[in-house]
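Chemist: any chance you can model this:
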Amino acid sequence: EVQLVESGGGLVQAGGSLRLSCAASGFTFGDYAIGWFRQAPGKEREGVSSFSSTDGSTYYANSVKGRFAISSDNAKNTVYLQMNSLKPEDTAVYYCAASPPGGGLWVDEYDYWGQGTQVTVSS
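Modeler: Numbering: from 1, shown residues only. Predicted coordinates:
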């Protein structure tokens, strides 16, 4: 059974940092791309960043470039999202998801989803 479990969310002041983790199980980690998405109240889910271990490709939404960094630990089947210089507009539920290799920032590319972790940035 494919499982994706996010952790690391919380409440932080603007300008602060958080590191989200996505622990994956039930599939061969290296065969999938892992993406991070977020959904704020009343808004559509949007892609934040993705990583494909097959070719090392990474993608970032323009809104987070230079502030967020995605990385992976294949030995732990875990993908991380380091979020720095957080802004109130980053407040959302953050989800990780898995897609076939090459997945980018489109929701429809992803087959498996975690339950999400709340990130709240206060001003």
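
Chemist: quick one: contacts for the closest residue to Leu105 other than its chain neighbours?
Modeler: Distances taken as CB to CB, 6 or more residues apart in numbering put Gly47 closest to Leu105, at 2.7 Å, once the chain neighbours are dropped. Heads up, the C-betas are built off the backbone N, CA and C, glycines and all. Residues near Gly47 by CB atoms under 8 Å, 6 or more residues apart in numbering: 35-37, 59, 61, 104-107.

Chemist: most neighbours among those residues, please name it.
Modeler: For the contacts of Gly47, neighbours were counted using other CB atoms under 10 Å, and Gly35 has the most, 29 neighbours in all.

Chemist: let me know the pLDDT of it.
Modeler: pLDDT recorded at Gly35 is 96.

Chemist: quick check: beta-bridge partners of the spatially most central residue of the chain?
Modeler: When CA atoms, centre = their mean is applied to the chain, the residue found nearest the centroid is Trp36 (2.2 Å). The bridge-partner assignment for Trp36, based on DSSP bridges, gives Ser49, Cys96.

Chemist: pretty sure it is touching Leu20, no?
Modeler: Yes - shown here, Trp36 and Leu20 form a contact pair, counting by CB atoms under 8 Å, at 7.1 Å.
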